[in-house]
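**Q** this one's structure only:
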């Protein structure tokens, strides 16, 4: 069942590519010599890896009727996986091309990287000319036409007419899902050293959808200041802050670089009710997050991040003197809120 999603996505990609008007004029092909640890490690088999590459190129690039060979040797490095690749050089100089991938926490993520690397290294931009080198060029496709059927003077029965060339019923439409994705959920602690009246601690939960090159996440966070005291006069009050954030991310090896759009509300809890004059705690802000992911098992990983959010407007905390009815600004939120955190992440699907 774990293979159904990537197989279906790759097959639908192939179906779209075969029907596209702007199909590639020149193609390459090679045999696949694939070595990987046993299936219990989560590594895809050779057929599934070939379909991943077909999804990258838009056509079947792995064939058995060619002489060029792409060798992929996957091995464990501690708890991670890496691969050694070799094939005829795409520039056609007669030498051998070699490449070692970055380490990945799961063998399936490594397979996605292998397919992307092969597409970049052997795509049209790597040839240096309009046609691929002869050693990589795919054999010409021979189209076998159907025998011509001459019209008969009598009318063909309806049930036979459906079998005539060009009259087949349309096939079901294919979906344009693109590459397979992974859904993860995460929980963990968070610290806000800047943005509230004092250091705040709390927790957050996050749901994320991850593709090979990008990701989209949404998180909900709640923090509070353990210490009482706001502003230079240490007004006896504590602060809590709840927020939700949308994070579109670009993936680069083990690092995610994300934009952030956040909305939240800051609440002040006074020990002496009635002395608060102004506390408009609604915040909207935009910023960025930098996160590093360490995959220590096939489905489990740790995520460490730092985040900065610039708020569109500042929160102001004012009090009123009950004797004179005069207001006083006790604290104004800084323009940027900083947060640091760690999350324990589990893959819900692949």
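**A** Thanks, I have the structure now. All of these numbers come straight from a predicted model, not from anything done at the bench.

**Q** ranges for the helices of the stretch 101-250 of the chain?
**A** 107-122, 158-161 (DSSP state H, counting those that start in this stretch).

**Q** quickly, which of these bottoms out on average pLDDT?
**A** Mean pLDDT is lowest for helix 158-161 out of those, coming in at a mean of 52.

**Q** mind telling me what element the residue lying closest to residue 134 once chain neighbours are set aside is part of?
**A** Using CB to CB, 6 or more residues apart in numbering and skipping the chain neighbours, the partner closest in space to residue 134 is residue 92 (7.2 Å). Where C-beta positions appear, they are placed from N, C-alpha and C, glycine not excepted. For residue 92, there is no host helix or strand (DSSP states H and E).

**Q** tell me where the model's unsure across the stretch 251-350 of the chain.
**A** 272-280, 350 (pLDDT under 70).

**Q** what sits against residue 26?
**A** Neighbouring residues of residue 26 by CB atoms under 8 Å, 6 or more residues apart in numbering: 124, 130, 131, 132, 137.

**Q** could you do residue 312 as well?
**A** 283, 284, 285, 286.

**Q** show the buried residues in those residues.
**A** Buried by 16 or more other CB atoms under 10 Å: 283, 285, out of the contacts of residue 312.

**Q** which members of the contacts of residue 312 occur in strands, if any?
**A** 283, 284, 285, 286 (DSSP state E).

**Q** as CSV, those residues with distance to residue 327 would be great.
**A** Listed next are those as CSV, based on distance: CB to CB, whole Å:
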residue, distance to residue 327
283, 21
284, 25
285, 26
286, 30
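
**Q** ok, the residues you listed vs residue 335, which is closest?
**A** Set against residue 335, the nearest of the ones in strands among the contacts of residue 312 by CB to CB is residue 285 (9.3 Å).

**Q** related to what we said a few turns ago, in PyMOL, how would I select the buried members of the contacts of residue 26?
**A** Typed into PyMOL, the line below selects the buried ones among the contacts of residue 26, using 16+ other CB under 10 Å:
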select buried, resi 124+132+137
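
**Q** save the contacts of residue 26 as a markdown table, and put in distance to residue 98 and pLDDT too.
**A** A markdown table is the format used below for the contacts of residue 26 (distance: CB to CB, whole Å; pLDDT from 0 to 100):
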| residue | distance to residue 98 | pLDDT |
| --- | --- | --- |
| 124 | 21 | 76 |
| 130 | 26 | 71 |
| 131 | 24 | 79 |
| 132 | 19 | 82 |
| 137 | 21 | 82 |
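
**Q** which SSE is the nearest residue to residue 282 once chain neighbours are set aside in?
**A** On the basis of CB to CB, 6+ apart, the spatially nearest residue to residue 282 that is not a chain neighbour turns out to be residue 265, at 5.6 Å. Element membership for residue 265, per DSSP H and E: strand 255-270.

**Q** elements contacting that strand?
**A** Where contact means 3 or more CB pairs under 8 Å, 6 or more residues apart in numbering; DSSP states H and E, strand 255-270 is packed against strand 214-224, strand 237-252, strand 276-279, strand 282-295, strand 300-311.

**Q** pipe these into a markdown table and attach distance to residue 55 per row.
**A** What follows is these, written out as a markdown table (distance: least, CB to CB, whole Å):
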| stretch | distance to residue 55 |
| --- | --- |
| strand 214-224 | 16 |
| strand 237-252 | 17 |
| strand 276-279 | 54 |
| strand 282-295 | 23 |
| strand 300-311 | 25 |
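
**Q** residue 335 is nearest to which of the ones you listed?
**A** strand 300-311 (6.0 Å).

**Q** please identify the pairing partners of that closest one and their relative orientation?
**A** Partner strands for strand 300-311, per DSSP bridges, with pairing direction: strand 282-295 (antiparallel), strand 336-349 (antiparallel).

**Q** of those strands, which is nearest residue 57?
**A** Across the strands paired with strand 300-311, closest to residue 57 is strand 336-349 (CB to CB), at 25.9 Å.

**Q** list the buried residues in that closest one.
**A** 337, 339, 341, 343, 345, 347.

**Q** and the gap between the third one and residue 286?
**A** Separation of residue 341 from residue 286 (CB to CB, to the nearest Å) stands at 19 Å.

**Q** swap in residue 254?
**A** On the measure of CB to CB, residue 254 and residue 286 end up 25 Å apart.
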